[in-house]
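coordinates only, sequence not included:
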């Protein structure tokens with residue numbers, strides 16, 4: 001049975017319901033899974049972070065519809081990508097370049113647009129049709145053409161010198177855990193076994209934990225989560241609220257000379 005996932009900033013109103021209705025009208029036996037439809041409006045970085053850390057847990061052959069900031073540029077193409085055995089469908093607005101670390105196996109431009117009178121709701125009218133075509137086993141050549149290159153978007157990189165890393169909060173999850181754009185490899189490369197201090201407004205962390213209950217309830221900790229990025233959390237608490245840290249706030253790691 002085919003699996004189609006949805007990642008969007010559409011919320012839980014009629015937009016999402018209409019998309020699901022269109023899928024089931026086309027393929028009543030398909031499985032539709034919401035990765036999330038609660039992306040902050042137009043926030044491609046948040047969408048890329050969530051998609052990057054969730055899609056690979058689905059079976060190979062899953063089809064992922066992504067609709068965030070689909071109209072970011074006039075004339076942006078609608079595309080289909082095959083990467084790591086998964087199909088991704090959405091607008092060529094640079095979001096997918098934030099998801100993939102390597103070159104996709106296939107990148108195609110959808111040719112369904114010309115057959116549709118209204119393009120005001122591409123997630124329902126174009127992306128759903130493309131996803132169902134894939135699920136039905138219709139040849140990609142029947143509704144796509146080769147795409148030379150993807151639109152690229154560069155995520156903010158942390159600022160680095162020999163004694164510090166300055167990064168940004170890129171995501172706050174439902175538990176108010178804070179994720180930064182500092183990965184373990186960057187941290188260890190600059191650290192070189194030195195002591196360090198993670199500066200968090202009026203708090204500091206000087207160790208890396210392995211799990212949340214490495215510290216007492218209500219205490220702050222830092223760990224490298226399954227996402228590969230530095231996570232600031234509170235054991236059974238709301239770190240972002242207690243620390244007054246939100247998306248795009250700076251986090252600095254200082255290393256001893």
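Here it is on my side, so go on. Here the structure is a predicted model, which means the values were calculated and not measured.

Tell me where the stretch 1-150 of the chain has strands.
For the stretch 1-150 of the chain, the strands defined by DSSP state E, counting those that start in this stretch cover 3-8, 31-36, 63-67, 78-83, 86-91, 106-110, 144-146.

For the helix or strand hosting residue 189, buried residues please.
Mapping residue 189 onto the secondary structure by DSSP states H and E places it in helix 184-191. Using 16 or more other Cβ atoms under 10 Å as the burial criterion, the residues of helix 184-191 that qualify are 186, 187, 190. In this view, the C-beta of every residue, glycine as well, is placed from N, C-alpha and C.

And stretch 138-155, by the same measure?
By neighbour count with 16+ other Cβ under 10 Å, stretch 138-155 contains the buried residues 140, 143, 144, 147, 150, 151.

Quick check: end-to-end length of that stretch?
Between the opening and closing residues of stretch 138-155 we find a distance of 35 Å, counting by Cα to Cα, to the nearest Å.

Can you give the distance of that stretch from its chain's centre?
Using Cα atoms, centre = their mean, to the nearest Å, we find the averaged C-alpha position of stretch 138-155 to lie 19 Å away from the chain's own average C-alpha position.

Just the residues contacting that stretch, thanks.
Counting by Cβ atoms under 8 Å, 6 or more residues apart in numbering, stretch 138-155 makes contact with 44-45, 48, 73, 76-77, 79-81, 92-98, 104, 106-112, 129-130, 133-134, 170, 181, all of which sit outside it.

circling back: quick one: list the elements packing against the helix or strand just after the helix holding residue 189.
For helix 184-191, the following helix or strand on the C-terminal side (DSSP H and E) is strand 196-200. The elements that strand 196-200 packs onto, with contact taken as 3 or more Cβ pairs under 8 Å, 6 or more residues apart in numbering; DSSP states H and E, are strand 203-205, strand 229-234, strand 250-255.

10 Å instead?
If you count contacts as 3 or more Cβ pairs under 10 Å, 6 or more residues apart in numbering; DSSP states H and E, strand 196-200 packs onto strand 164-172, strand 178-183, helix 184-191, strand 203-205, strand 220-224, strand 229-234, helix 239-243, strand 250-255.

Give me the buried positions along the second one.
Read it as strand 178-183. Taking 16+ other Cβ under 10 Å as the neighbour-count basis, strand 178-183 is seen to contain the buried residues 178, 179, 180, 181, 182, 183.

what about the helix holding residue 189, average pLDDT?
For helix 184-191, mean pLDDT is 95.

counting contacts, what elements does it pack onto?
Applying 3+ Cβ pairs under 10 Å, 6+ apart, one finds that helix 184-191 contacts strand 159-161, strand 164-172, strand 178-183, strand 196-200, strand 220-224, strand 229-234, strand 250-255.

residues in contact with it?
When contacts are defined by Cβ atoms under 10 Å, 6 or more residues apart in numbering, helix 184-191 is touched by residues 157-158, 160-165, 167, 180, 182-183, 196, 198, 208, 222-225, 228-230, 253, 255-256.

got the angle for that helix vs strand 220-224?
110 degrees (axes from the mean of the first three to the mean of the last three Cα atoms, to 10 degrees).

Between strand 229-234 and helix 184-191, find me the angle.
Between the axis of helix 184-191 and that of strand 229-234 there is an angle of 90 degrees, by the same axes, to 10 degrees.

domains of the chain?
Here the domain parsing of the chain from automatic domain parsing is 3-146, 159-255.

The longest helix along the chain: which residues count as buried?
Using DSSP state H, we find that the single longest helix of the chain is helix 14-26. Residues of helix 14-26 classed as buried by neighbour count (16+ other Cβ under 10 Å): 15, 16, 18, 19, 20, 22, 23, 26.
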